[in-house]
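In: Have a look at this prediction, sequence included:
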Amino acid sequence: MPAAEDSHGVNKVVDNICKLSPDLLTEACQHILIYLQGQTKGVDSAEIYKFQRAGVRLDHEALQNIIRFLLLTFRSAGKSNLSGDDLVSRLEEGSKKWPKASLQVLHRLWSEHGTLVHAQQQVQAMLSISQLVDMQWKLGMAVSSDTCRSLNSPYVSLLLKIVEPSGQICQRSFEMTIPQFQNFHKQFKEMAAVMETV
């Protein structure tokens, strides 16, 4: 049943895309492709919301769904390094409701911009690193430890929350002796000083 629900969701988005003239679809796709090429920081739905002025009545959720669908479609095509023909074939497999004019717009734009999107995705994949989003620490006393020479030695326990390049948040925890923590703190201060100069 989930496949039928997915198909229904795709068909609903395609129905809304069908309401757009080729010019409006081109404009929306260009905003998305420019973002995927790394030329803007995001897709501004307010810019795309000009549809209302062109007489196309779409509510905010429908517009967001169109943007998400096109982002996902172009990202997936970029990852797979699809040609314009392959992209159109996949879209037709996903829904039989696509009008020929819309598919021609998508084919033309992807043929023009697809290699640039693919290149940008390769660069992002090479530059992808995890991002520290939270760090918690607490001071404790060692009752038993492999690194502490004597019991009842103080230690620092660190819990790091990290966002992986995939977007998934993971946690890493470890313990340090007080001298190790002091060295860790010193290195963090040095990194912060270097980052301020960049």
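Out: That came through fine. Small disclaimer: the values here were computed from a predicted structure and weren't measured.
In: The top helix by length along the chain packs against which elements?
Out: If you go by DSSP state H, the chain has its longest helix at helix 100-127. Here helix 100-127 touches helix 22-36, helix 60-80, helix 84-94, going by 3 or more CB pairs under 8 Å, 6 or more residues apart in numbering; DSSP states H and E. (C-beta placed from N, C-alpha, C; glycine too.)
In: closest one to residue 109 among those helices?
Out: Proximity to residue 109 (CB to CB) singles out helix 22-36 among the helices and strands packed on helix 100-127, at 5.0 Å.
In: relative to helix 100-127, how tilted is that closest one?
Out: With axes from the mean of the first three to the mean of the last three CA atoms, to 10 degrees defining the directions, helix 22-36 sits at 0 degrees from helix 100-127.
In: Show residues contacting helix 22-36.
Out: Contact partners of helix 22-36, identified using CB atoms under 8 Å, 6 or more residues apart in numbering, comprise 17, 20, 40-44, 47-48, 50-51, 54, 56, 66-67, 70-71, 74-75, 78, 101-102, 104-106, 109, 113, 116-117, 120-121.
In: domain parsing for the protein?
Out: The chain is divided into the following domains under automatic domain parsing: 2-127, 131-197.
In: for the ones you listed, which one ends up most surrounded?
Out: Mean neighbours per residue, mean count of other CB atoms under 10 Å, is largest over those for domain 2-127, with a mean of 15.
In: pLDDT (mean, whole number) over that one?
Out: Average pLDDT, domain 2-127: 84.
In: Can you give the distance of that domain from its chain's centre?
Out: Distance, stretch centre to chain centre, for domain 2-127: 15 Å (CA atoms, centre = their mean, to the nearest Å).
In: give me the number of residues near the nearest residue to residue 162 once chain neighbours are set aside?
Out: Distances taken as CB to CB, 6 or more residues apart in numbering put residue 130 closest to residue 162, at 4.6 Å, once the chain neighbours are dropped. Residue 130 has 15 neighbours, counted by other CB atoms under 10 Å.
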